[in-house]
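In: give me a model of this one.
(chains A and B)
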Amino acid sequence: MTAVIEHSEFSLPGVRCAACIAKIEEGLGHVPGVHSARVNLTAKRVAIDHEAVVDVPTLRSALDALGFAAEPVVVQNDDIAHRLESRRLLKALGVAGFAAMNIMLLSVSVWSGADGATRQLFHWLSAMIAMPTVAYAGQPFFRSAWSALRRGRTNMDVPISIGVLLATALSLFETITGGAHAYFDGAVSLIFFLLAGRFLDSAMRDRARDGAGALMRAMTPGGTVLLTGGKTEWRTADDITPGMVLLVSAGERFAADGRVEEGSSAVDRSLITGESRAEPVEPGAAVIAGSLNLTGPLTVRVTATGSDTTIAGMARLMEAAGQGRSRYVRIADRAARYYAPAVHTLAAASFIGWMIAGAGWHASLLIAVAVLIVTCPCALGLAVPVAQVVASGALMRRGLLVKDGSALERLAEADRVCFDKTGTLTLGRPEVVNLEALDTIERNAALALARASNHPLSRSLARALAQEGAEAANVTDLREIAGQGMEGQVEGRRARLGRPDWVGASVPGGEMLSCAFAIDGSPPRLIRFADRLRPDADEAVARMKHMAMEPVILSGDRREAVAAIAGQVHVSAMVGMTPAQKVETVNRLTQAGHRVLMVGDGLNDGPALAAGHVSIAPSSASDVGQNAADIVFLGDSLLPVPVAVAAAHRTMRIVRQNFALAIGYNILAVPLALLGMVTPLIAAIAMSTSSIIVVANALRLTRCAR
Amino acid sequence: MSGIGILIPIALLLGLSGLAAFMWSLSSGQFDDLEGAGERILIDDEPK
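Out: Numbering: from 1, shown residues only, chains lettered A, B, ... in the order given. This is a model prediction of the structure:
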């Protein structure tokens, strides 16, 4: 076998059960050239190993034939890095768990009275287990602490690292000199508890990222290229270069920027401009990567690819806008700024104090280490991640994916909200407005025609007709006339569904979102489409106002289109805005001291989503929108947005309570440690109790997303 | 007391073998799709 093996991944939002897995894996196995297929149900993806002759569209249509809508997924290095990070944390957690259990077992015998040679033996055994564990499982903390220290800053990992390292070193010294107290159990179980918090945090974010990525990749990963000699080949976006000729069929997105050479069609640019009206294109017109070709096939000469496209320019604008957010300091690190120096001063002071009191350097050092262990921010380190994991889990069940660890913190601080119109307040897809224009016979015939086409208007019409209970009529000679519409014979009469002028209907004043239907012998019917408001949009906006968040609409659309929507939800609006103007507006609000929540979906909102203090996007958003947003919500309703805000407020209340609990415990334990009364047993009990209390308090958040 | 000399190594070895098994299953991808693993039990391998 000399065939080159390639690897492709598809996201499959539709798989949910064993039967689906079996159907897909078996079905793909029968496709010639496919070597193996493996479905991942958690990530809702399928990974396929296949020969190079099988291309992506073939696999996609094979999946379509099996009944699953599939989107090719570009495997990003970013995803892999995050996944490896989670796996490393899980390994470290396994090692720390093993070590903590065994050392605890040995320690229990020491506490219950083992002495002499037995105690020595147990201390040595503990040391042998603890030291490799600290060296391996402690790395995430040491690395983070070191990178903070190198930049002259401090974070929660600095006191953790110092505490763990000092406790281990001192215990080793005690073991060598035959001392009575060793803190190996404390050091290792500290690492175990903290790793548990950190792993939960990381695993939760991986899951949200998978979900967001699997929903829809609006950007085309590639397109069909016309080669010299008339052959066509499907290539990924990376392999398309300027000068090539792209064949773009109706309903497909452009994979690169270019100029139309042949054909005429209408192009949906809402991804870039937010304008819901389709724009007609003729030979010579410029088209932008990512926009959608609506009506007819086009031949496009590529002018720019990859990082030169308009989309990539937008991505750069976004990166610049997002720099403010990367400077955001998380609440745990803000607390550490005050906490770490205080703890270190306290430990140093207790050492000096006992030296002056004449306790000798050994006893003084022992007490200083006890202070460090007792104040080690175990509960503090769990306080934030556990609350966030529980809250994110609750939100996920409600259809909200939290992508960023600090998103809830930032969301709780927001006091202004900016909405995009198309796709955010509205559904962003055309819906039939006047279905009653058609009688029953016409409906059945129209369904038969609409079903056969991929055009967005046809699909919307077919969906609406099917919901109204229409049954497709028998159609013969069914054919699609490129750029015009569908034609067929219904009971010996010619039926047409398509562009109004082609069907013979007149369109009153500038309405673009419409098509016409006619059967020979009856007058043509004009079917109008409009973008509908999301369900519950009104209530969602009202709830946001109730939570003292002043809303405003930022739209790139025309005044008339925005005014109707703004009136329905009672919000003031700014119209005709370019992406840069949206960013400017958000920045102006930020400079005025407000924290802005940006809710948007399109590529044109990307920079504003990145510039906002925090951002939310619907799952129907463009890839860029979903990437830039901190939180993605599923479904049509807009209610998840106020639900997320309320949940964020509750989460932060619990986090503050947890901080109070953890610090309160320190206030009780520190005097004991200062007096030299904390033995390893007391330290172990105090540490686990405070951690359990903090976790139990955070579990109250399971119902925060109601 | 001499029992300890036998029992402790046994306990540690058992623990270590558990850890090794965990590490192996992690690196061979058995934790990649926890939901799918549960569902796959229901798939009939026999051709219908």
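
In: contacts only, for A:Thr476.
Out: Residues in contact with A:Thr476 (Cβ atoms under 8 Å, 6 or more residues apart in numbering or on different chains) are A:488-489. All C-beta atoms are positioned from the backbone trio N, CA, C, and that covers glycine.

In: what's opposite it in the beta bridge?
Out: Beta-bridge partners recorded for A:Thr476 (DSSP bridges): A:Gln489.

In: read off the pLDDT value for it.
Out: With respect to pLDDT, A:Thr476 has a value of 81.

In: mean confidence for stretch A:58-74?
Out: For stretch A:58-74, mean pLDDT is 76.

In: starting at the chain centroid, how far to that stretch?
Out: Counting by Cα atoms, centre = their mean, to the nearest Å, stretch A:58-74 is centred 23 Å from the centre of its parent chain.

In: over to stretch A:606-620?
Out: With Cα atoms, centre = their mean, you get 11 Å for stretch A:606-620.

In: what's the span of that stretch, first residue to last?
Out: Stretch A:606-620 has its terminal residues 14 Å apart, counting by Cα to Cα, to the nearest Å.

In: check whether the residue in the stretch 401-550 of chain A that chain B sits nearest to sits in a helix, strand or coil.
Out: When scored by Cβ to the nearest Cβ, the stretch 401-550 of chain A has A:Leu401 as its residue closest to chain B, at 16.2 Å. Here A:Leu401 is strand, with the state taken from DSSP: H, G, I helix; E, B strand; the rest coil.

In: count the neighbours of it for me.
Out: 25 (other Cβ atoms under 10 Å in any protein chain shown).

In: how close does it get to A:Glu262?
Out: 42 Å (Cβ to Cβ, to the nearest Å).

In: partners of the residue of the stretch 401-550 of chain A closest to chain B in the sheet?
Out: Per DSSP bridges, the residues bridged to A:Leu401 are A:Val632.

In: quick one: the helix or strand where A:Ile103 lies to chain centroid distance?
Out: Taking DSSP states H and E as the criterion, A:Ile103 maps to helix A:77-111. Centroid separation for helix A:77-111 versus its chain: 27 Å, with Cα atoms, centre = their mean.

In: same check, this time on stretch A:469-482
Out: Put simply, stretch A:469-482 sits 40 Å off its chain's centre (Cα atoms, centre = their mean).

In: next one: stretch A:232-252
Out: Mean-position distance between stretch A:232-252 and its chain equals 28 Å (Cα atoms, centre = their mean).

In: A:Leu639 contacts A:Ala540, correct?
Out: Yes. With contacts counted by Cβ atoms under 8 Å, A:Leu639 reaches A:Ala540, the gap being 5.1 Å.

In: give me the more crowded residue out of the two.
Out: A:Ala540 (23 against 19).

In: what's near enough to touch that one?
Out: So A:Ala540 contacts A:534, A:637-639, A:641-642 (Cβ under 8 Å, 6+ apart).

In: list phi and psi for it.
Out: Note on A:Ala540: backbone dihedrals following degrees, to the nearest 10 are phi -60, psi -50.

In: where does it land on pLDDT?
Out: 89.

In: any idea how far A:Met677 lies from A:Val632?
Out: With distances taken as Cβ to Cβ, A:Met677 is found 52 Å from A:Val632.

In: name the element the residue of chain B found nearest chain A belongs to?
Out: Going by Cβ to the nearest Cβ, chain A is nearest to B:Gly36 of chain B, at 3.4 Å. Using DSSP H and E, the element containing B:Gly36 is helix B:34-40.

In: which parts of that helix are buried?
Out: Residues of helix B:34-40 classed as buried by neighbour count (16 or more other Cβ atoms under 10 Å in any protein chain shown): B:36, B:39.

In: who are the packing partners of that helix?
Out: Helices and strands touching helix B:34-40, by 3 or more Cβ pairs under 8 Å, 6 or more residues apart in numbering or on different chains; DSSP states H and E, are helix A:18-29.

In: the helix it packs on: how far from the chain's middle?
Out: Helix A:18-29 has its C-alpha centroid displaced from the chain centroid by 28 Å (Cα atoms, centre = their mean).

In: go on, stretch A:158-176?
Out: 39 Å.

In: for stretch A:333-346, same thing?
Out: Stretch A:333-346 has its C-alpha centroid displaced from the chain centroid by 32 Å (Cα atoms, centre = their mean).
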